[in-house]
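quick check, what structure comes out for this input:
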Amino acid sequence: MADFVGAVDQGTTSSRFMIFDHDGNEVAKHQLEHTQYLPKSGWVEHDPVEIWERTNVAIQNAVRAAGISASDLTAIGITNQRETTVVWDPRTGRPYYNAIVWQDTRTDRIASALEREGHGDLIRQRAGLPPATYFSGGKIKWILENVDGVREAAEQGHAIFGNTDAWVLWNLTGGPNGGIHATDVTNASRTMLMDLETLDWDEELLGIFGIPRAMLPKINPSSHAEAFGTTRTSRPLSAPVPITGVLGDQQAATVGQVCFAVGEAKNTYGTGNFLLLNTGTEAVHSRNGLITTVAYKFGDAPAVYALEGSIAVTGSAVQWLRDQLHIISNAPESERLAKTVDGSDGIYFVPAFSGLFAPYWRSDARGAIVGLARFHTNGHLARATLESMCYQSRDVVEAMEQDSGVHLDVLKVDGGVTANELCMQIQADVLGVPVSRPVVAETTALGAAYAAGLATGFWRDTDELRAHWHESRRWEPSWTEEQRADGYAGWKKAVERTYGWVDVD
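Residues are numbered from 1 along each chain as shown. This is a model prediction of the structure:
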């Protein structure tokens, strides 16, 4: 058996390839950012061709950096930014339109119409999701209705859809020359088109959205020895390697954090924040603004479900400080700037750039900075930005505890923002529970590797994966209960100020 497993991590701001050994240690990686296109207010797009090209280069460079060959990889897993929608011509591989990113809000009228026409409850019950701009179904509908020729092409079988996992998989396995058009249950569960019970595309939901079934990829388990094909030779790898695992990025992080038992939860800090709670083989429907999703499905075993709180803007708020306001030159500088003050001194920053996701689901909300006084500095704004990530996560934790009855004793965290130690201390203070970061903080790619390796026998079972998890750092709460209550009360007032800023029909 080969010695390593590879993982494509196609994220919102970058694509990378990571290589892991049998102990789950990182051997090598290469990462490349891609362009963020913002053509109108609320619109966010990526170039699918750029994504594929940079994924290609990342794979080649990581393998070179590891000093190995393709034959040393037992398998490859794929994880991806979920809900980001690509529609392309399978004859040529040419996208009909840019990828519409999960943060994009142009489908707010579509989402509102679904509620107004009485389809909301059916979508919630069957797909586990509220009608929202977040999910793929509305984005497919928008492309079909607004891009010339796509509706006709779809009806003729010349336009197919995928989230970015399916786009990367199709290209890796040959593209126009026999590429595999498939996805996994976790990505399919983010479309508003899949029945959570049958784990198949739902004809009634497809009818509501007006989407031809032939556009959609085959739904496979998240981990399977034969479902996803093999890479084609020469580009990007010199020999075929099986692709045996696919997981949406937050489900991949759940696997990477080894949250395999009912009641275990993790929070990933990336472009947005995503907190998932394992609910076992039962799909639990939320009463408090969370969504029901598939956590993973390994081979022929039953699917495991999760409650999820999705937050649109957390790490990308730091990017905003860097790229739009230019008050920092890189992400780590946000921590240094925030440390120039002892607290935010009454400032609250609610980064509702794409509306508010869980638990509010307010597409009419927009970002606001409140509580400003003349003496406030860029340090206070940096501090309020870090606090906004932590308060939004508390919103989700509160809803999760109400839905599940599970009180968190510790919050497992991962993702790039966890390198910001001040932010993690604030998170412990805001929640009032310890925050624990693993040795391998980038658990998204690790989870994809685990899914791929389980399918091939590289790892025996989930118990073996648990043995690889080790804590790197723990933050204990330092605030008093009064500080915590006062801070959160101010946050809730600030959130209310963002409502109703955009008119939604």
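
from here on, contacts and neighbour counts on C-alpha atoms
OK.

so, low pLDDT: which residues of the chain?
For the chain, the stretches with pLDDT under 70 are 1, 233-235, 504-505.

what's the longest helix in it?
helix 378-404 (DSSP state H).

that one packs against which elements?
strand 273-280, strand 304-311, helix 315-320, helix 333-338, strand 348-350, helix 421-431 (3 or more CA pairs under 8 Å, 6 or more residues apart in numbering; DSSP states H and E).

which SSE is immediately downstream of the shortest one?
Think strand 348-350. Next helix or strand after strand 348-350 toward the C-terminus (DSSP states H and E): strand 368-370.

again, but for the longest one
Past helix 421-431, further along toward the C-terminus, the next helix or strand under DSSP H and E is strand 435-438.

restricting to C-alpha, output that next one in CSV.
What follows is strand 435-438, C-alpha atoms only, in CSV (Å, rounded to 0.1, in the frame of the first residue of the first chain):
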residue,chain,number,x,y,z
VAL,A,435,-12.0,26.4,23.7
SER,A,436,-9.8,23.6,22.4
ARG,A,437,-7.6,23.7,19.3
PRO,A,438,-6.1,20.4,17.9
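
and whichever helix or strand comes after it, how far out from the chain's middle?
Following strand 435-438 in sequence order, the next helix or strand is helix 443-456 (DSSP H and E). Put simply, helix 443-456 sits 16 Å off its chain's centre (CA atoms, centre = their mean, to the nearest Å).

which other residues reach helix 443-456?
Residues from elsewhere that reach helix 443-456 (CA atoms under 8 Å, 6 or more residues apart in numbering): 5-9, 18, 20, 24, 74-79, 222-225, 243-247, 249-257, 298-299, 414-415, 459-461, 465.

mind checking which of those are buried?
Buried subset of the contacts of helix 443-456 (neighbour count, 16 or more other CA atoms under 10 Å): 5-9, 18, 20, 24, 74-79, 222-225, 243-247, 249-257, 298-299, 414-415, 459, 465.

mind checking which of these land in helices?
Counting by DSSP H, the buried ones among the contacts of helix 443-456 place 249-256, 465 in helices.

quick one: closest of the helices and strands packed on helix 378-404 to Ala382.
helix 333-338 (5.0 Å; CA to CA).

residue ranges for the helices of the stretch 151-300 of the chain, please.
Using DSSP state H, counting those that start in this stretch, the helices of the stretch 151-300 of the chain run over 164-172, 185-188, 203-209, 249-256.

now those helices as a markdown table including distance to Asp148?
Formatted as a markdown table, those follow (distance: least, CA to CA, whole Å):
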| stretch | distance to Asp148 |
| --- | --- |
| helix 164-172 | 21 |
| helix 185-188 | 26 |
| helix 203-209 | 18 |
| helix 249-256 | 32 |
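
of those, which is nearest Trp52?
It is, among the helices of the stretch 151-300 of the chain and with distance given as CA to CA, helix 164-172, at 6.3 Å.

where's that closest one relative to the chain centroid, distance-wise?
16 Å.

again, but for stretch 271-290
A distance of 13 Å separates the centroid of the chain from that of stretch 271-290, by CA atoms, centre = their mean.

repeat for stretch 84-95
Distance of stretch 84-95 from its chain centroid, counting by CA atoms, centre = their mean, is 21 Å.

ok, now stretch 418-428?
With CA atoms, centre = their mean, you get 20 Å for stretch 418-428.

can you check stretch 438-449 too?
Worked out by CA atoms, centre = their mean, stretch 438-449 lies 14 Å from the chain centre.

end-to-end on it?
For stretch 438-449, the first-to-last residue distance is 16 Å (CA to CA, to the nearest Å).

show me what counts as buried in whichever helix or strand Val49 is part of.
Per DSSP H and E: Val49 is located in helix 48-66. Using 16+ other CA under 10 Å as the test for burial, helix 48-66 gives 48-49, 51-52, 54-63.

packing partners of it?
Checked by 3+ CA pairs under 8 Å, 6+ apart, helix 48-66 has strand 4-10, strand 14-20, strand 26-33, helix 164-172 packed alongside it.
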